[in-house]
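Colleague: When you get a sec, could you give me coordinates for this:
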Amino acid sequence: MMIQPAAKYQPFPPVALPDRQWPSRVIDRAPIWMSTDLRDGNQALFEPMNAEKKMRMFKMLCAIGFKEIEIAFPSASQTEFDFVRGLIEGGHIPDDVTIEVLTQAREHLIRRTFEAVKGAKRVIVHVYNATSPSFRDFVFGMSKPEVVDMAVNAVRLIKELAIQQPETEFVLEYSPETFTATELDFAREVCDAVTAEWGATPQRKVILNLPATVEVATPNIYADQIEWMHRNVARRDSVLISLHPHNDRGTAVAAAELGLMAGADRVEGCLFGNGERTGNVDLVTLALNLYTQGVASGLDFSDINAVARTYEHCTQLPVHPRHPYVGDLVFTAFSGSHQDAIKKGFAAQKAATGWAVPYLPVDPADVGRSYDSVIRVNSQSGKGGIAYLLEAEYGIVMPRRLQVEFSAEVQRYTDTHGGEMNAADIWALFTHTYFERETPVRYVEHHLFEHGKGQGIRLAVEVDGVPHLLTGEGNGPIDATVHALRGIGIDVQVRSYEERAMSPSGDAGEAVACAFLELARHGESQQRYGVGLDANIVTASIKAIVGGVNRLGITEVRAAA
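Modeller: Below you'll find the predicted structure:
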């Protein structure tokens, strides 16, 4: 028998703030953004990112426009320590980007952290200790004064070590961990002691990070707590109030928005809400929510597909197809009435007026998405049926985005020819679309060779019947092929790659492997799939690249060659 909740769980008590101001406010400017993808997000992965993936993520975060990035918990492991050193010694940190490192309020961890950041231009040292009753009583066995002393002693040591590295500008960030479960007057007491010890001034502000370490109440309670601190903390002109909402109740975005209305200056989170348990606040959703309200976020998500694919590569986590703004299906309407309203909205939309298309809170073009999936007349069951027949009859297991792309080809065919398409008809259209269509670039053969830590390729192709022998080098055969094609003016990026072994029921000649590559021209958002079949997976991958190049545009390829 299920336990009655009232016997086990009690509602979180309200904050005594009868004159609260945040409900009548609006967000009219973007906060300071701080990405914790490389720390919170990374430590929550089944398999943490290696150095290559962390570097790729760091560079993407810089390109998006993050000016503060928490890169590691350097005292936690040698891997984390070495990554920090690699960023600094390799000169990878842009001059306008400040790195942040996390440490517990423990002497040996703080000292190790300062060793890691030696030589950096500007560093936020983020120190924390838990302050809530359950931690004081059950974890630390400490009194309130002892918890305050723990925080102050840590800050005192950070101040001493910072003086010893005058070449670096150090900024202090302090978190009373489990803030939302801490008595507000005690949270203020700890924070005031920290800012006093540091000597906070308007020119040398302390970041007070007030985390919903575990989301324990509704978002309005968090907003009340933030406004109370905003109004009562000492030296407010010398403090930046930062939010760090987790998503245990599924309301982290709402909590962050209300917290900003309540007086916060800064938000910490991860791109797509990755993090411990149910994750940190989703910064993409939060930033694009502001954008749809006319507030410039300062972050560049104009090619949201590239951001999502890089995130998926680095974290090995999928972006849900219904994820706000970025999911593969969020701009696709399967309902006939929705499609009709959207089409009419597009027809009535004028460039000089505000965005007002039914069912679409944001213009897909603003995040680099095409209108094809929006205006395409199709059904989910139709896509699923196409995918099922190709898999069951021919062993082709299509990636989800290829299902969307190929279903448009099926729709165009049925619109022109009418009638039903059986499995053989669909397979014939698939082979014509991806393998047999007249194309300017044709794969002939290739030879691989070792090159340093990567591989090189000698690639023979024909362009409009004219033979070309190309050479390229990269971290593997796919990267080498992409570099080789630049020799004839073809500059593409691989956005995603998947390979499949053909199922036993497959009937596609002697091919046993299938490669799917999603390509885009460099600097452009339009994407097309290339598909390759061959007994050798490398050959299948190269054929897929060539096929994708042709599908990106015959005219452009000929002109480039």
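Colleague: Which parts of the stretch 251-400 of the chain are strands?
Modeller: 266-269 (DSSP state E, counting those that start in this stretch).
Colleague: Ignore what I typed, I meant the chain.
Modeller: 32-35, 68-72, 98-104, 122-130, 169-177, 206-212, 239-245, 266-269, 441-451, 454-463, 466-474, 492-501, 513-521, 527-534 (DSSP state E).
Colleague: Let me have those strands in a markdown table, extended by mean neighbour count, mean pLDDT and distance to V284.
Modeller: For every residue, glycine as well, the C-beta is placed using N, CA and C. Converted to a markdown table, the strands of the chain look like this (neighbours: other C-beta atoms under 10 Å; pLDDT from 0 to 100; distance: least, C-beta to C-beta, whole Å):
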| stretch | mean neighbour count | mean pLDDT | distance to V284 |
| --- | --- | --- | --- |
| strand 32-35 | 23 | 98 | 11 |
| strand 68-72 | 26 | 98 | 15 |
| strand 98-104 | 23 | 98 | 20 |
| strand 122-130 | 22 | 98 | 22 |
| strand 169-177 | 22 | 98 | 23 |
| strand 206-212 | 25 | 98 | 19 |
| strand 239-245 | 25 | 98 | 15 |
| strand 266-269 | 26 | 98 | 9 |
| strand 441-451 | 14 | 93 | 36 |
| strand 454-463 | 19 | 94 | 32 |
| strand 466-474 | 15 | 95 | 29 |
| strand 492-501 | 18 | 91 | 17 |
| strand 513-521 | 23 | 94 | 19 |
| strand 527-534 | 24 | 94 | 19 |
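Colleague: So for S407, which of those sits nearest?
Modeller: strand 527-534 (12.2 Å; C-beta to C-beta).
Colleague: just how off-centre is the closest one within its chain?
Modeller: 25 Å (C-alpha atoms, centre = their mean, to the nearest Å).
Colleague: Adjacent strands (with direction) for that strand?
Modeller: Paired neighbours of strand 527-534 in the sheet (DSSP bridges): strand 513-521 (antiparallel).
Colleague: where are the low-confidence patches of the chain?
Modeller: 1-2, 334-336, 339, 352, 371-385, 419-420, 503-511, 554-561 (pLDDT under 70).
Colleague: buried sites along the lengthiest helix in it?
Modeller: With secondary structure taken from DSSP state H, the chain has its longest helix at helix 144-163. For helix 144-163, the buried set under the neighbour-count rule, 16 or more other C-beta atoms under 10 Å, comprises V147, V148, M150, A151, V152, N153, A154, V155, L157, I158, L161, A162.
Colleague: What about the closest residue to L87 other than its chain neighbours, how many residues nearby?
Modeller: Leaving aside its sequence neighbours, L87 sits nearest to I93 (C-beta to C-beta, 6 or more residues apart in numbering; 5.6 Å). Per other C-beta atoms under 10 Å, the neighbour tally for I93 reads 19.
Colleague: before we move on, what about W22?
Modeller: By other C-beta under 10 Å, neighbour count at W22 equals 19.
Colleague: Same question for F46.
Modeller: Neighbours of F46 using other C-beta under 10 Å come to 7.
Colleague: And it, how far from V494?
Modeller: 24 Å (C-beta to C-beta, to the nearest Å).
Colleague: cool, E177 as well?
Modeller: E177 is 41 Å from V494, by C-beta to C-beta.
Colleague: ok, now K59?
Modeller: Counting by C-beta to C-beta, the gap from K59 to V494 is 16 Å.
Colleague: contacting residues for the closest residue to E177 other than its chain neighbours?
Modeller: In space, E177 comes closest to A130 once its chain neighbours are excluded; the distance is 4.2 Å by C-beta to C-beta, 6+ apart. Each residue near A130 by C-beta atoms under 8 Å, 6 or more residues apart in numbering is listed here: R136, V139, F140, P176, E177, T178, T213.
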